[in-house]
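Trainee: Just the structure for this:
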Amino acid sequence: MEKINAENYNEIKNFHPLLPHLWNKLFYIKANSVDEFIHGYSSLYKQTLIPISIKVQIEALKNKIFNKCWR
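Mentor: Numbering: from 1, shown residues only. This next block holds a predicted model:
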């Protein structure tokens, strides 16, 4: 899927690039840019930093590189 939009957002599962279970589903928030989306989302939901171990970060980076190379 190339783009996420108002018609297909609910088809996306486990979206978070490092810890997929954190974003097991998406919600629709109307926005014209990423910055506008972040502002709208942060207004609705308080955000806290999630500690992510170096091991998980490296594994996610390896997966991202591998997926890009083999698409």
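Trainee: Contacts only, for the residue nearest in space to the middle of the chain.
Mentor: In the chain, the centroid-proximal residue (Cα atoms, centre = their mean) is residue 16; its distance is 3.7 Å. Contacts for residue 16 (Cβ atoms under 8 Å, 6 or more residues apart in numbering) come out as 22-23. C-beta here means a position set from N, CA and C on the backbone, and glycine is covered the same way.
Trainee: do the same with residue 24
Mentor: 13-14.
Trainee: same thing with residue 44?
Mentor: Contacts for residue 44 (Cβ under 8 Å, 6+ apart) come out as residue 29.
Trainee: Please shift the residue numbers so they start at 366 in all later answers.
Mentor: In the new count, where the first residue is 366, that last one comes out as residue 409.
Trainee: before we move on, back to that, per-residue pLDDT of the residue nearest to the centre of the chain, please?
Mentor: Residue 381 carries a pLDDT score of 82 in this model.
Trainee: Go ahead and list the helix or strand containing it.
Mentor: According to DSSP states H and E, residue 381 maps onto no helix or strand at all.
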